[in-house]
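Novice: Based on what follows, work out the 3D shape:
(4 chains)
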2 protein chains.
Amino acid sequence: MLKIRDFARLAEVSMTTLRYYDEIGLLKPIHVDPETGYRFYAMDQLPHLHRILAFKELGLGLTQIAEILDEGMSPEAVQGMLRLKQAQLQQHIQAEQEQLVRIDARLRSLEQGSGLPTYEVVLKAVKPVTGVSLHLETTDLAYQAHWIGAIEAMLKRYAVKPSDHLLVLHTESEDECTPGSVEIVAPVDWRDAHTLIAGSEGRLKLCELPAVSRMASTLHHGHPALALVAYQALGIWMENNAYSIVGPRRKIRLRREDNLNDALTEIQFPVEKVA
Amino acid sequence: MLKIRDFARLAEVSMTTLRYYDEIGLLKPIHVDPETGYRFYAMDQLPHLHRILAFKELGLGLTQIAEILDEGMSPEAVQGMLRLKQAQLQQHIQAEQEQLVRIDARLRSLEQGSGLPTYEVVLKAVKPVTGVSLHLETTDLAYQAHWIGAIEAMLKRYAVKPSDHLLVLHTESEDECTPGSVEIVAPVDWRDAHTLIAGSEGRLKLCELPAVSRMASTLHHGHPALALVAYQALGIWMENNAYSIVGPRRKIRLRREDNLNDALTEIQFPVEKVA
DNA sequence: TCTTGACTTTCACCCTACCTGAAAGTTGCA
DNA sequence: TGCAACTTTCAGGTAGGGTGAAAGTCAAGA
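Specialist: As a prediction, the model looks like this:
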């Protein structure tokens, strides 16, 4: 019969921890004085505590340990649990290693004193988009602006509200020789899409963009013609963080002010970790 | 002026998160209706939120991000912060990789169906010990028991209470040819140690064991003569988890029953991760 | 003008694995 | 008896929000 302090010292744990384990039923004292509430432990309980600590070092949570120890779980079930934990750990380690890479990139860009204004890049997941699209065989910004205006006018004419901001999809081929082409996409719901397409004399098509789980995104504040710098910044970020581009880039017109120098544009690259 | 839902969707964060950021002062809405309490955000705030998210992806905490962004921290200070985080991350990753190794070892021992009874091994830190020691040139258990009895009698005679359990230190040389020797250590405080040494006719010496930060420990329940199995188990554990032994092993007599088959013994090996 | 549904607010409690501190009772020793 | 060491319960805290309830607000249709 040991008091809590002696038992705690024996196993190198704190008294509060032992009280907590008592509270959650993981390790109950062999005896509790009904008058004083004092907890008393026996040497015999040390192996049990030892088992708890051993499982804790594997990274298991206390509830899982309770399941294993209290209910005499089958070895197969324990194996399954450990394998699950193993997979989770590997995933976690990988995530942290990616954080390391990002910190590294950040430090390097800090050291060389920003030549470019610092664009903050974040990874996000985006949901699928349905809408209508208009194909353009040029990347000229003036053309884009013109046709975006035309689409907006059409939306207004048909009293259709877009379900999200309009975006420009860069679908050009990889080689830099061909001039490239873009799609202007207006996200609308399924019914509106049909209305618009029917009234567009064949210029609009139905457009379905799939969900993208890893989208590198950055914001460009200023005249849209200067957004090229943001594209560069994303490219550099990809290089530094070992990502490669796996689909059409997106340019989202978040805000179009009268003063174009105050416009806000989001650039998105769908990316994948390079092997 | 966007309502909270629209702003949240724009940046792919939850509304609760935005409210939380408002509460902790990390990102305040541009305007709050004094009557309804509704929060309103501006597109202009999106870059700020973007910066927050970018730092969050580096693993920084919200308070650190607030320091960086709210107070316009110097680039040098940011560098220092990132370097610190980098070091912490590396340490964390290493710890998790050790967990992986342990889980691996555990799975292997589960698969091959325990030939040995399962000994749970945990790593702990132990504090330094001062006490008196008696040197024996043999590892014979009967001799150990005899001299332990003698020391206990002496403690009683001098009315000295040990500050911890008695332990046996295995100091034998590495090669297995020589028979090896042990020290029996009785932890007592400094004053008692001198009393005992003075009365021991030169057989007892002052003994100071340093603190050990990584001690692999396991419990043996049963007759002390069978503790060899526990030594084996520790050896196997070391092999599986890539540790090597870096000092004398300890055998701690936690409980000595009249019935020796109910004795409880702790075996400790000081270890270090093998390079 | 009323209703309906979508939207937003605050409030309070939940999560892990404990830690810290306060107030009050208990034990052991001189 | 007095004092120090020890133990108890209880409240509140941690990081980063998630979840749910109750109540108030907004816009559009009838």
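Novice: would you list every one of the helices in chain A?
Specialist: With DSSP state H as the criterion, chain A has helices at A:4-11, A:15-23, A:46-57, A:62-70, A:75-111, A:141-157, A:190-198, A:228-240.
Novice: and the closest residue to DNA strand C within the stretch 1-150 of chain A, what pLDDT?
Specialist: The nearest approach of the stretch 1-150 of chain A to DNA strand C comes at A:Gly61, 3.2 Å away (C-beta to the nearest atom of the strand). For glycine as for every other residue, the C-beta is placed from the backbone atoms N, C-alpha and C. pLDDT for A:Gly61: 89.
Novice: neighbours around it, how many?
Specialist: By other C-beta atoms under 10 Å in any protein chain shown, 11 other residues sit near A:Gly61.
Novice: for A:Val182, same thing?
Specialist: If we define neighbours as other C-beta under 10 Å, then A:Val182 has 24 of them.
Novice: close enough to count as contact, A:Thr195 and A:Tyr158?
Specialist: Yes. Between A:Thr195 and A:Tyr158 there is a contact under C-beta atoms under 8 Å: 5.7 Å.
Novice: Which positions in the stretch 51-200 of chain A make contact with chain B?
Specialist: Applying C-beta under 8 Å from any C-beta of the partner chain, one finds that the stretch 51-200 of chain A approaches chain B through A:51, A:53-54, A:57-59, A:75, A:78-79, A:82-83, A:85-86, A:89-90, A:92-93, A:96-97, A:99-100, A:102-104, A:106-107, A:110-111, A:120-126.
Novice: Name whatever forms a beta bridge with A:Lys251.
Specialist: A:Val168, A:Ile267 (DSSP bridges).
Novice: residue contacts, it?
Specialist: With contact set as C-beta atoms under 8 Å, 6 or more residues apart in numbering or on different chains, A:Lys251 has these partners: A:Leu167, A:Val168, A:His170, A:Ala227, A:Thr265, A:Glu266, A:Ile267, A:Gln268.
Novice: Return the entry from those with the maximum number of neighbours.
Specialist: Of the contacts of A:Lys251, with other C-beta under 10 Å as the count, A:Val168 tops at 25 neighbours.
Novice: what residues are up against the residue sitting nearest the centre point of chain A?
Specialist: Central residue of chain A (C-alpha atoms, centre = their mean): A:Lys124, 4.6 Å from the mean position. Neighbouring residues of A:Lys124 by C-beta under 8 Å, 6+ apart: A:Met215, A:Ser217, B:Ala11, B:Glu12, B:Leu53.
Novice: A:Arg255 now?
Specialist: Contacts for A:Arg255 (C-beta under 8 Å, 6+ apart) come out as A:Asp262, A:Ala263, A:Leu264, B:Met43.
Novice: beta partners for it?
Specialist: Under the criterion used here (DSSP bridges), A:Arg255 is bridged to A:Leu264.
Novice: Which pLDDT value belongs to it?
Specialist: Listed pLDDT for A:Arg255 reads 84.
Novice: repeat for A:Ser114
Specialist: According to the prediction, A:Ser114 has pLDDT 61.
Novice: what does the one 4 residues further on give?
Specialist: According to the predicted model, the pLDDT of A:Thr118 comes to 78.
Novice: Quick one: low-confidence residue ranges for chain A.
Specialist: Applying pLDDT under 70 to chain A flags residues A:113-116, A:172-179.
Novice: Which positions in it make contact with DNA strand D?
Specialist: A:Lys3, A:Ile4, A:Arg5, A:Asp6, A:Met15, A:Arg19, A:Thr36, A:Gly37, A:Tyr38, A:Arg39 (C-beta under 7 Å from any atom of the strand).
Novice: go with 6 Å
Specialist: Neighbours of DNA strand D within chain A, by C-beta under 6 Å from any atom of the strand: A:Lys3, A:Ile4, A:Arg5, A:Met15, A:Arg19, A:Gly37, A:Tyr38, A:Arg39.
Novice: Pull out the buried residues from those.
Specialist: Among the residues of chain A next to DNA strand D, those scoring as buried are A:Ile4, A:Arg39 (criterion: 16 or more other C-beta atoms under 10 Å in any protein chain shown).
Novice: Quick check: phi and psi at the spatially most distant residue from the centre of chain A.
Specialist: Most distant from the centre of chain A: A:Glu35, at 54.3 Å, with distances by C-alpha atoms, centre = their mean. Main-chain dihedrals, A:Glu35, degrees, to the nearest 10: phi -90, psi -50.
Novice: Using TSV, lay out the contacts of A:Lys251 together with distance to DNA strand C.
Specialist: Formatted as TSV, these follow (distance: C-beta to the nearest atom of the strand, whole Å):
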residue	distance to DNA strand C
A:Leu167	21
A:Val168	26
A:His170	31
A:Ala227	29
A:Thr265	24
A:Glu266	20
A:Ile267	26
A:Gln268	24
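Novice: Buried among the contacts of A:Lys124? Need that as a selection in ChimeraX.
Specialist: Here is the ChimeraX command that selects only those of the contacts of A:Lys124 that count as buried (16+ other C-beta under 10 Å):
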select /A:215,217 /B:11,53
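Novice: so which of the contacts of A:Lys124 comes closest to A:Ser133?
Specialist: A:Met215 (18.5 Å; C-beta to C-beta).
Novice: where's stretch A:5-14 relative to the chain centroid, distance-wise?
Specialist: 42 Å (C-alpha atoms, centre = their mean, to the nearest Å).
Novice: same question, stretch A:186-202
Specialist: Distance, centroid of stretch A:186-202 to centroid of chain: 32 Å (C-alpha atoms, centre = their mean).
Novice: is DNA strand C contacted by it?
Specialist: No. Figure legend: stretch A:186-202 not in contact with DNA strand C (C-beta under 6 Å from any atom of the strand); closest approach 13.3 Å.
Novice: Kindly report the residues of the stretch 51-200 of chain A close to DNA strand C.
Specialist: Neighbours of DNA strand C within the stretch 51-200 of chain A, by C-beta under 6 Å from any atom of the strand: A:Gly61, A:Leu62, A:Thr63.
Novice: closest to B:Glu183 among those?
Specialist: For those, the nearest to B:Glu183 is A:Leu62 (38.5 Å; C-beta to C-beta).
Novice: Verify the stated contact: that closest one with A:Ile24.
Specialist: Yes. Assessed by C-beta under 8 Å, A:Leu62 is found in contact with A:Ile24 at 6.5 Å.
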